[in-house]
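**Q** Output the structure for:
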Amino acid sequence: MDELDFMRRAIALSRDSVATGGGPFGAVVVRDGVIVGEGANRVVPDGDPTAHAEVVAIRDACRRLGTHVLDGAVVYTSCEPCPMCLSAIWWARVKEIVYANDRAGAAAIGFDDHALYEEVARPLEARVLPLRRLAAEEAAEVFRAWEAKDDKVRY
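**A** Numbers count the residues shown, from 1 in each chain. Sure, this is the predicted structure:
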């Protein structure tokens, strides 16, 4: 398989998602020329706002590979990732993202992430969704305990 085949698989997953009540998004995770994870948008069918195609594909790949790190992998996605998916891809240590539809096309059909991009760029005190800090010292104790662990797995 080549990269066009991988993208066509992501697009096929997006098409299947539309047919089964999901959003028009699909993604595959590829490592060493092999699809190791697949995902379609499952937000509405699963009642899970985090079940975007890229997140579902990352979860599938990590489960199959038995790891939380997908270094060396490429995500082929039917649409430019939203900020949440971009973050998940980043944390998975994927090396590249290849997409078909772009965010302008997604916005044109009702999937507009513009406000999210603006929100994360604002200082905390200027955010639309308020953030308040509470029990910081109690929570810091847990951070210190984690930092002191000899057997921690960094990510």
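
**Q** Which residue is the nearest non-sequential neighbour of the residue sitting nearest the centre point of the chain?
**A** With distances taken as C-alpha atoms, centre = their mean, residue 85 lies nearest the centre of the chain, 2.6 Å away. Nearest residue to residue 85, sequence neighbours excluded (C-beta to C-beta, 6 or more residues apart in numbering): residue 54, at 3.9 Å. (Each C-beta comes from the backbone N, C-alpha and C, glycine too.)

**Q** Which of the helices or strands spans the one you found?
**A** helix 53-65 (DSSP states H and E).

**Q** on contacts alone, who are the packing partners of the next helix-or-strand element following that helix?
**A** Downstream of helix 53-65, the first helix or strand assigned by DSSP H and E is strand 74-79. Other helices and strands packing on strand 74-79, by 3 or more C-beta pairs under 8 Å, 6 or more residues apart in numbering; DSSP states H and E, are helix 3-19, strand 26-31, helix 53-65, strand 96-101, helix 103-108.

**Q** Which among those is found nearest to residue 72?
**A** With C-beta to C-beta as the criterion, residue 72 lies closest to strand 26-31 of the helices and strands packed on strand 74-79, at 5.7 Å.

**Q** Please name the strands paired to the helix or strand following that closest one in the sheet, noting orientation.
**A** Counting by DSSP H and E, the next helix or strand C-terminal to strand 26-31 is strand 34-40. Here strand 34-40 is paired, per DSSP bridges, with strand 26-31 (antiparallel).

**Q** Touching the strand it pairs with from outside, list them.
**A** Strand 26-31 is contacted from outside by 6, 9-17, 35-41, 53-54, 56-58, 60-61, 65, 70, 72-78, 94, using C-beta atoms under 8 Å, 6 or more residues apart in numbering.

**Q** Now for the residue nearest to residue 79 when sequence neighbours are not counted: which residues touch it?
**A** Using C-beta to C-beta, 6+ apart and skipping residues adjacent in sequence, the residue nearest residue 79 is residue 101, 4.1 Å away. For residue 101, the contact set (C-beta under 8 Å, 6+ apart) comprises 78, 79, 80.

**Q** Could you check how many residues crowd around the last one?
**A** With neighbours defined by other C-beta atoms under 10 Å, the count for residue 80 comes to 17.

**Q** Thought residue 103 was touching it, still the case?
**A** Yes. Counting by C-beta atoms under 8 Å, residue 80 touches residue 103, with 4.7 Å between them.

**Q** Return the set of buried residues in the helix or strand of the chain with the lowest mean pLDDT.
**A** Counting by mean pLDDT, DSSP states H and E, the chain has its least confident helix or strand at helix 114-121, which shows a mean of 94. Within helix 114-121, no residue is scored as buried using 16 or more other C-beta atoms under 10 Å.
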